[in-house]
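*Asks:* here's a sequence, model it:
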Amino acid sequence: MASLAWTTVSADETIALGKRLALGLLPPLVILLSGALGAGKTTLAKGIICGLGRAAEGEVTSPTFTLLHVFQNDWPVIHVDLFRIEGHHDLATLGLEDVFSEPAIVLIEWPERLLLRTDWPILRVRIDHENETTRRIQWITP
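*Replies:* Numbers count the residues shown, from 1 in each chain. Coordinates of the predicted model:
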């Protein structure tokens with residue numbers, strides 16, 4: 001596995017990094033976004049989704065309550081937030097199997113709540129608070 005790391009000092013820098021990281025990403029791909037509550041997972045996802053040309057910054061919000069947002073174009077980008085998932089029943093009602101029925105880029109926040117079985121390539125992203133505004137973002141490729 002290869003690993004790259006960056007430090008950002010604002011939400012704008014985190015979004016800009018997400019936009020740069022989006023360059024060259026193609027489906028099928030799963031991006032697992034891990035980190036504490038408020039670490040910046042949605043902020044980085046916003047940058048990636050915008051960088052893929054699927055939405056403007058103001059259109060990308062956390063799917064915490066809806067659990068899943070789909071951004072469609074020539075292929076979909078799907079943003080999933082599993083924070084409120086409390087068990088197998090909740091996960092089963094989400095219909096994640098359908099997400100993997102066609103090539104897409106799938107961003108999953110709180111992936112530790114999911115046992116993922118897919119043959120799609122997986123990128124692991126770890127976001128940590130260094131202080132109030134600074135984030136360390138580690139991008140781990142297979």
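*Asks:* all strands for the chain, in order.
*Replies:* Here the chain has its strands, by DSSP state E, at 2-8, 29-35, 68-71, 77-81, 105-109, 122-129, 135-141.
*Asks:* ok, of the ones you listed, where does mean pLDDT dip lowest?
*Replies:* Note on these: strand 68-71 shows the lowest mean pLDDT, a mean of 85.
*Asks:* on contacts alone, who are the packing partners of that one?
*Replies:* On a contact count with 3 or more C-beta pairs under 8 Å, 6 or more residues apart in numbering; DSSP states H and E, strand 68-71 meets strand 77-81. Every residue, glycine included, has its C-beta placed from N, CA and C.
*Asks:* output the strand it packs on as CSV, nothing but the C-alphas.
*Replies:* Only the C-alpha atoms of strand 77-81 are listed here, as CSV (Å, rounded to 0.1, in the frame of the first residue of the first chain):
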residue,chain,number,x,y,z
VAL,A,77,-21.0,9.8,-7.6
ILE,A,78,-22.7,8.5,-4.4
HIS,A,79,-22.0,10.1,-1.0
VAL,A,80,-23.0,7.9,1.9
ASP,A,81,-23.0,8.8,5.6
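*Asks:* any chance you could list what contacts it?
*Replies:* Outside strand 77-81, the residues within contact range by C-beta atoms under 8 Å, 6 or more residues apart in numbering are 42, 45, 48-49, 52, 54, 60, 62-64, 67-71, 94, 96, 99, 104-110.
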